[in-house]
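Undergrad: Build me a structure from this.
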Amino acid sequence: MKNNYIKIIAGFLILALSLHMRAQVYEIPFEYDYTGKSIYVSVNGNKPVRFKFDTGSEITALNYAYARKIGLKGDSIVEVIGVTGVQKYPTSKNNVLHLSKECALQNITLTQLSLSDDTNENMMQGIIGADILKRYVVSIDYDKKIIQFIPFGKAFNSQGFEEMTFEHSGDYFPRVNVKIALPDGTEVSGLSFLDTGGEFGYLMSAPYAKEKDVMKKVGKYLQRESYSVNGKGYNYITRVKSFELGGLKTGNFAMDISQSKTGVINMPGYMGMIGFELLKNFNTIIDSKNGKIYFKPNRNFNQPAWFPLNGFIFSENEGKCFISYMLDEKDANFEVGDQVLEINGMPFSSIEKFDDILMNSQAGQEHTIKIKNKKGETKTEKLIIHTIL
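TA: Numbers count the residues shown, from 1 in each chain. So this is what the prediction gives:
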């Protein structure tokens, strides 16, 4: 009889421990720059590598080149809906992701995407997507640089936050109503996806822009390349007066207008996507189970908005870097097709590193750029950064 009591007590202790573990709040530090939020994740016990935290991705993904490096093979094929359309990719099941020492996620399916040829742990090797995020209440604190995974049913602090209804139509993707004031004073509004992985402030859908005749109301605009898991596309980018989310309103900011005719961005009934450049201004709590999203302005809220600066869009061919697009044609010392050899004395090693230099520049900053032009002439020129919208 005594042994039976011991077994019962042990069983209760195991159950209590199990319930305690399931109720644990996980705190995960993150970093962020103009590309979005990232955390370091260990895949199946390997050395932690950089993952993007992306509310706009329906899947959790791993860089194809890194998957090959750690010997992870695909065991099935899945269709992925991106901003620009649908593509098929290999997946592998039953993986373990350690987001921290305490937070080990079991039985995770990883979709293998071609994110980069570089498998260094500090380059982006994966994406934490909706299939993981929908398991918890997710709290994002940009001031403390902490993401919390909070079990459903456990109390969380939403004091001082603006509460909004969570629209999701049967999937995870958060959708909220927003209002945008265009340069001519016209106000447009509609349901918009939250996309923390989007490298933009706001991306308006092409059908919505056409319906509201937005291009005739925005004044000056530029064209720039955009990228998603499904490849390259093009957006227009312009300056608009304000963005309003619930009772929270920002000043002027840069808005992209999609030219894509397929993908999530063109789903009927939606105005567009709120990207990282706007979302980083708000600490955010997403409670998908109860259909609520909470926003609170943080220290970024009163910072000047990002606007496109003069510079280049780079492309790589046979291990060499070339200027494929110029954001300001007035930079007469450079031409599309010039090979970029060095920036500020740093030789080319990856497009990401050259992008980081220009994207993290401030207006008035000067860069020294060594190029080889189409005639084969090598020369060093100055590029002075300035706002072009």
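
Undergrad: mind listing the strands for the stretch 1-150 of the chain?
TA: 26-29, 31-33, 36-43, 49-53, 61-63, 76-81, 86-98, 104-113, 124-128, 137-141, 146-150 (DSSP state E, counting those that start in this stretch).

Undergrad: contact partners of the fourth one?
TA: Going back to what we said before, that points to strand 49-53. With CB atoms under 8 Å, 6 or more residues apart in numbering as the test, strand 49-53 has contacts from 30, 35-43, 66, 121-128, 147, 196-197. No exception for glycine: its C-beta is placed from N, CA and C like everyone else's.

Undergrad: least reliable of the strands of the stretch 1-150 of the chain going by mean pLDDT?
TA: For those, mean pLDDT drops lowest on strand 76-81, to a mean of 74.

Undergrad: List only those of the contacts of strand 49-53 flagged as buried.
TA: 30, 35-43, 66, 123-128, 147, 196-197 (16 or more other CB atoms under 10 Å).

Undergrad: As JSON lines, the strands of the stretch 1-150 of the chain with distance to Pro268 would be great.
TA: Below are the strands of the stretch 1-150 of the chain laid out as JSON lines (distance: least, CB to CB, whole Å):
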{"stretch": "strand 26-29", "distance to Pro268": "36"}
{"stretch": "strand 31-33", "distance to Pro268": "32"}
{"stretch": "strand 36-43", "distance to Pro268": "27"}
{"stretch": "strand 49-53", "distance to Pro268": "28"}
{"stretch": "strand 61-63", "distance to Pro268": "26"}
{"stretch": "strand 76-81", "distance to Pro268": "14"}
{"stretch": "strand 86-98", "distance to Pro268": "16"}
{"stretch": "strand 104-113", "distance to Pro268": "26"}
{"stretch": "strand 124-128", "distance to Pro268": "26"}
{"stretch": "strand 137-141", "distance to Pro268": "27"}
{"stretch": "strand 146-150", "distance to Pro268": "32"}
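
Undergrad: between these, which one is nearest to Ile237?
TA: Nearest to Ile237, of all the strands of the stretch 1-150 of the chain, is strand 36-43, at 17.5 Å by CB to CB.

Undergrad: The closest one - contacts with which helices or strands?
TA: If contacts are counted by 3 or more CB pairs under 8 Å, 6 or more residues apart in numbering; DSSP states H and E, strand 36-43 sits against strand 31-33, strand 49-53, strand 86-98, strand 124-128.

Undergrad: What strands line up against the last one, and which way round?
TA: According to DSSP bridges, strand 124-128 forms sheet pairs with strand 49-53 (parallel), strand 61-63 (antiparallel).

Undergrad: Likewise for the longest one?
TA: Using DSSP bridges, strand 86-98 pairs in its sheet with strand 36-43 (antiparallel), strand 76-81 (antiparallel), strand 104-113 (antiparallel).

Undergrad: And the contacts of it?
TA: Here strand 86-98 has contacts from 41-45, 48, 60, 62, 64, 67, 72-80, 104-113, 132, 229-231, 262-263, using CB under 8 Å, 6+ apart.

Undergrad: Also the shortest one?
TA: Contacting residues not belonging to strand 31-33 are listed as Lys37, Ser38, Ile39, Tyr142, Lys145, Phe276, Lys280, Asp356, Asn360 [CB under 8 Å, 6+ apart].

Undergrad: try it again with 6 Å
TA: For strand 31-33, the external contacting residues (CB atoms under 6 Å, 6 or more residues apart in numbering) are Ser38.

Undergrad: got the buried residues for it?
TA: Per 16+ other CB under 10 Å, strand 31-33 contains these buried residues: Tyr32.

Undergrad: Could you spell out the sheet neighbours of that strand, each with its direction?
TA: strand 36-43 (antiparallel).

Undergrad: How far off centre is the partner strand?
TA: 12 Å (CA atoms, centre = their mean, to the nearest Å).

Undergrad: swap in stretch 180-191?
TA: Centre to centre, stretch against its chain (CA atoms, centre = their mean), the figure for stretch 180-191 is 24 Å.

Undergrad: Dump the C-alpha coordinates for that stretch into PDB.
TA: Extracted in PDB, the C-alpha atoms of stretch 180-191 (Å, rounded to 0.1, in the frame of the first residue of the first chain):
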ATOM      1  CA  ILE A 180      -3.400  56.800 -43.900                       C
ATOM      2  CA  ALA A 181      -3.400  60.500 -44.900                       C
ATOM      3  CA  LEU A 182      -2.000  61.000 -48.400                       C
ATOM      4  CA  PRO A 183      -0.100  64.100 -49.500                       C
ATOM      5  CA  ASP A 184      -3.100  65.800 -51.000                       C
ATOM      6  CA  GLY A 185      -5.100  65.400 -47.800                       C
ATOM      7  CA  THR A 186      -7.100  62.400 -48.900                       C
ATOM      8  CA  GLU A 187      -7.600  59.800 -46.200                       C
ATOM      9  CA  VAL A 188      -7.700  56.100 -47.000                       C
ATOM     10  CA  SER A 189      -8.400  53.200 -44.600                       C
ATOM     11  CA  GLY A 190      -8.800  49.500 -44.500                       C
ATOM     12  CA  LEU A 191      -7.700  46.100 -43.000                       C
END
